[in-house]
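Visitor: this one's structure only:
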Ligand SMILES: Nc1ncnc2c1ncn2[C@@H]1O[C@H](COP(=O)(O)OP(=O)(O)OP(=O)(O)O)[C@@H](O)[C@H]1O
Ligand SMILES: [Mg+2]
């Protein structure tokens, strides 16, 4: 298609005036050397020059001094000449010296012979856009700095597949990785091995992608493999097209907060436990006192019945009633122990010596498939404690350990000194303590058993196998002695019961020989049941007991056992020798021997037949433990 010349001129003319009128763009021509050849309204508006002023001037004056010195204008033309077009953005200078941000396109203009004859230049003032962009960039920068500076929270981003893409100083502080070590790695390294195996990290991202946000708490792992309790929020980030471009993750270390909450819970539990023990203690204490008095009446009456032989035809009934009474009074003793109401005789005691002296009894409580270990600290401090009761407590613990060692294993009994701070162990005040520990490798206790183990009558053992009073007795006795008992137990691993007793200031080696523990009594009684009861009573108050059922036997024993310090004898015995005669003969052999006589008859009634009975201490039958202890201690003084 050809256009007629006149028509073409017309078109060009129109086009030219259109260009000249455009005011939003500076559109002008440069000659091949870069001098301004034409100028439009937009150029005048942006740059402040009129056409007259600028035509023929070199275009480099629109550039900043620095750009000119760096040869930017020349390079722009060279690029346009070589590649046909040059595009850039940059600062330009107006006539009045002010700057504006320009978007510039330079096109090379060629003649028919394809030779560059000049350049067409289109410039736009985009200062406003530039300012807005700069402001945005700056605010992003500030935001980044802000996030970077946050140290209480780990704030970082993940790619859609979970690779860490950036890292703030909180992340470095909490997770210990430097940015250079972690960026590019998958965030699953922060999870425990178990969580990784279960796919927890992926689930977190999938959840966040689905719901936009995912919040959770759990264990996380630091670089040094230590664990902490984390609160985590994952936000999914989408672009304008709702395409997932990654995740923002905020993690907080709430280990301390969690520990504080846990400590509070434990304190509440402990309070509940001690209030419960207090309440049960008061109840059992009240009941057992009354019950014990009832038993005492029955026991005394039974003793009188059998001593006087009043109902010979029912002797076996009396006998079984007596056994029932004995069993009942043992139970009430245990209950009184739990209620912290049993009479205690604390004495300065070296627990190691007590254990050693008691070792054979403890071993006998074991079984062939149970190994005993004793680990007694040589410099153990002394404690004030009722020795025989502590032995009973220890025996209870060993029996429990044995019962837990169905398949065999080890019972380890150990002692050591510890210094405690206030509240470190139960209600104990700070100070020096002795710990006596019985540890077994047995079945352990599930938490619900552990929680009730001290409760009286709580037992998991079959009917007739356990009364559930063992631990409650230990608990009552030790707390009555101002100590504390702590059980720790793990199912299938074993149980440790630790008894804490306040250490006395006296050195252990200054502890005197316990007078009660080392003394020997010779009990003489022709009635075998009474002999057994009396022997048991003396054992209970810590004596070594020798038995004889007649005066003659007793004298023979005295000859072979020079350690006997106390003779306890019935007055009326069948056969030759009476209790008073035995007492005299024994005194002849050992003038220091202490003597206590007993009879079911009043002492006035005995005086006629048994001359000299008043030389000796006397206790009326039936006697109770407290009668014996008061008579014996009167003898000692
Ligand atoms: N060493 C231990 N290992 C595992 N469980 C134990 C241990 N000691 C105690 N228990 C649990 O605590 C319960 C209560 O113990 P506790 O000594 O008070 O009573 P018992 O042994 O059942 O009966 P009792 O001691 O009166 O004969 C036991 O039944 C047992 O379930
Ligand atoms: Mg028990």
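Guide: Looks like it arrived, so ask away. Quantities reported herein were computed from a predicted structural model and do not represent experimental measurements. Ligands and ions are numbered 1, 2, ... in the order given.
Visitor: low-confidence stretches in the protein?
Guide: By pLDDT under 70, the weakly predicted segments of the chain are 1-5, 307-309, 506-518, 626, 637.
Visitor: which positions in it make contact with ligand 2?
Guide: Neighbours of ligand 2 within the chain, by CB under 5 Å from the ion: 400, 470. Just so you know, the C-beta spots here come from the backbone N, C-alpha and C atoms, and that holds for glycine as well.
Visitor: closest residue of the chain to ligand 2?
Guide: Ligand 2 sits closest to residue 470 of the chain, with a gap of 2.6 Å, by CB to the ion.
Visitor: list the contacts for the closest residue to that residue other than its chain neighbours?
Guide: In space, residue 470 comes closest to residue 396 once its chain neighbours are excluded; the distance is 4.1 Å by CB to CB, 6 or more residues apart in numbering. By CB atoms under 8 Å, 6 or more residues apart in numbering, the residues touching residue 396 are 470, 471, 473, 474.
Visitor: now, which of the residues you listed lie within helices?
Guide: When DSSP state H is applied, the contacts of residue 396 are split such that 470, 471, 473, 474 fall in helices.
Visitor: what's the helix or strand for the closest residue in space to the last one that isn't next to it in sequence?
Guide: Using CB to CB, 6+ apart and skipping the chain neighbours, the partner closest in space to residue 474 is residue 393 (4.4 Å). Using DSSP states H and E, residue 393 falls within helix 387-404.
Visitor: what's the first helix or strand after that helix?
Guide: Next along the chain from helix 387-404, counting by DSSP H and E, comes strand 409-420.
Visitor: can you check what angle separates that next one from helix 387-404?
Guide: Orientation check (axes from the mean of the first three to the mean of the last three CA atoms, to 10 degrees): strand 409-420 against helix 387-404 gives 130 degrees.
Visitor: mind listing what's buried along the helix or strand following strand 409-420?
Guide: Remark: after strand 409-420, the chain's next helix or strand is strand 431-440, criterion DSSP H and E. When burial is assessed from 16 or more other CB atoms under 10 Å, strand 431-440 yields the following buried residues: 433, 434, 435, 436, 437, 438, 439, 440.
Visitor: do I have it right that the first one meets residue 499?
Guide: No: under the contact definition of CB atoms under 8 Å, residue 433 does not touch residue 499, with a separation of 9.6 Å.
Visitor: pull up the overlap in contacts between these two.
Guide: With CB under 8 Å, 6+ apart, residue 433 and residue 499 have common neighbours residue 483.
Visitor: and ligand 1, which of the buried residues of strand 431-440 contact it?
Guide: Filtering these for proximity to ligand 1 by CB under 6 Å from any ligand atom leaves residue 440.
Visitor: just the strands in the stretch 151-300 of the chain please.
Guide: 153-158, 164-167, 213-221, 227-238, 244-253 (DSSP state E, counting those that start in this stretch).
Visitor: do the stretch 451-600 of the chain as well
Guide: 484-490, 494-502, 520-524, 544-548, 564-570, 594-599.
Visitor: just send these back as a markdown table, with mean neighbour count and distance to ligand 1 too.
Guide: Putting the strands of the stretch 451-600 of the chain into a markdown table (neighbours: other CB atoms under 10 Å; distance: least, CB to the nearest ligand atom, whole Å) gives the following:
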| stretch | mean neighbour count | distance to ligand 1 |
| --- | --- | --- |
| strand 484-490 | 17 | 6 |
| strand 494-502 | 22 | 4 |
| strand 520-524 | 24 | 28 |
| strand 544-548 | 19 | 24 |
| strand 564-570 | 23 | 31 |
| strand 594-599 | 22 | 32 |
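Visitor: reformat those as a markdown table; add distance to residue 79.
Guide: Formatted as a markdown table, the strands of the stretch 451-600 of the chain follow (distance: least, CB to CB, whole Å):
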| stretch | distance to residue 79 |
| --- | --- |
| strand 484-490 | 79 |
| strand 494-502 | 85 |
| strand 520-524 | 120 |
| strand 544-548 | 116 |
| strand 564-570 | 122 |
| strand 594-599 | 126 |
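Visitor: nearest to residue 530, out of those?
Guide: Among the strands of the stretch 451-600 of the chain, strand 564-570 comes nearest to residue 530, with 7.6 Å by CB to CB.
Visitor: pretty sure residue 585 sits against residue 555.
Guide: Yes: between residue 585 and residue 555 there is a contact under CB under 8 Å: 5.9 Å.
Visitor: quick check on residue 159: phi, psi?
Guide: phi -70, psi 170 (degrees, to the nearest 10).
Visitor: what's the neighbour count on residue 364?
Guide: Neighbours of residue 364 under the rule other CB atoms under 10 Å: 9.
Visitor: now the helix or strand harbouring it, how far from the centre of its chain.
Guide: Secondary structure assignment for residue 364, by DSSP H and E: helix 351-365. Its chain's C-alpha centre and that of helix 351-365 lie 34 Å apart, by CA atoms, centre = their mean, to the nearest Å.
Visitor: and stretch 570-582, by the same measure?
Guide: On CA atoms, centre = their mean, the centre of stretch 570-582 falls 66 Å from that of its chain.
Visitor: what's in contact with it?
Guide: 524-527, 530, 550-552, 554-555, 567, 569, 585, 597-599, 601, 606, 609-613, 616.
Visitor: quick one: buried residues of that stretch?
Guide: Quick answer for stretch 570-582 (16+ other CB under 10 Å): 570, 571, 573, 577, 578, 579, 580, 581, 582.
Visitor: okay, strands next: where are they in the stretch 1-150 of the chain?
Guide: For the stretch 1-150 of the chain, the strands defined by DSSP E, counting those that start in this stretch cover 26-31, 85-93, 99-110, 116-125.
Visitor: got those as CSV, with distance to ligand 1 and mean neighbour count columns?
Guide: Below are the strands of the stretch 1-150 of the chain laid out as CSV (distance: least, CB to the nearest ligand atom, whole Å; neighbours: other CB atoms under 10 Å):
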stretch, distance to ligand 1, mean neighbour count
strand 26-31, 94, 21
strand 85-93, 81, 16
strand 99-110, 82, 17
strand 116-125, 87, 20
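Visitor: could you list everything the closest residue to residue 428 other than its chain neighbours pairs with in the sheet?
Guide: Distances taken as CB to CB, 6+ apart put residue 484 closest to residue 428, at 5.1 Å, once the chain neighbours are dropped. Per DSSP bridges, the residues bridged to residue 484 are residue 500.
Visitor: and the strands of the stretch 151-300 of the chain, which is most packed in?
Guide: Ranked by mean neighbour count, those are led by strand 153-158 with a mean of 22 (mean count of other CB atoms under 10 Å).
Visitor: sheet-wise, list the partners of it with their directions.
Guide: Strand pairing (DSSP bridges) places strand 153-158 next to strand 164-167 (antiparallel), strand 244-253 (antiparallel).
Visitor: give me the distance from the first one to the chain's centre.
Guide: Mean C-alpha position of strand 164-167 versus that of the full chain (CA atoms, centre = their mean) differs by 34 Å.
Visitor: ditto for stretch 482-489
Guide: Distance of stretch 482-489 from its chain centroid, counting by CA atoms, centre = their mean, is 16 Å.
Visitor: give me the contacts around it.
Guide: 385, 425-428, 433, 444-445, 450, 453-454, 471, 474-475, 478-479, 495-502.
Visitor: do stretch 78-93 as well
Guide: 46-47, 61-64, 67, 72, 76-77, 99-108, 116, 119, 123, 126, 130.
Visitor: contact residues of the protein facing ligand 1?
Guide: Counting by CB under 6 Å from any ligand atom, the chain sits next to ligand 1 at 396, 400-401, 404, 440, 442-445, 449, 453, 458-461, 466-472, 495.
Visitor: in ChimeraX, select just the buried ones from the residues you listed.
Guide: Buried residues among those (16+ other CB under 10 Å), as a ChimeraX selection:
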select :396,400,401,404,440,442,443,444,445,453,458,459,466,467,468,469,470,471,472,495
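Visitor: contact partners for the closest residue to residue 38 other than its chain neighbours?
Guide: Once flanking residues are discounted, residue 38 sits nearest to residue 29: 4.4 Å by CB to CB, 6+ apart. Neighbour list for residue 29: 36, 37, 38, 109, 118, 119, 120, 121 [criterion: CB under 8 Å, 6+ apart].
Visitor: okay, and the beta partners of residue 29?
Guide: Applying DSSP bridges, one finds that residue 29 bridges with residue 120.
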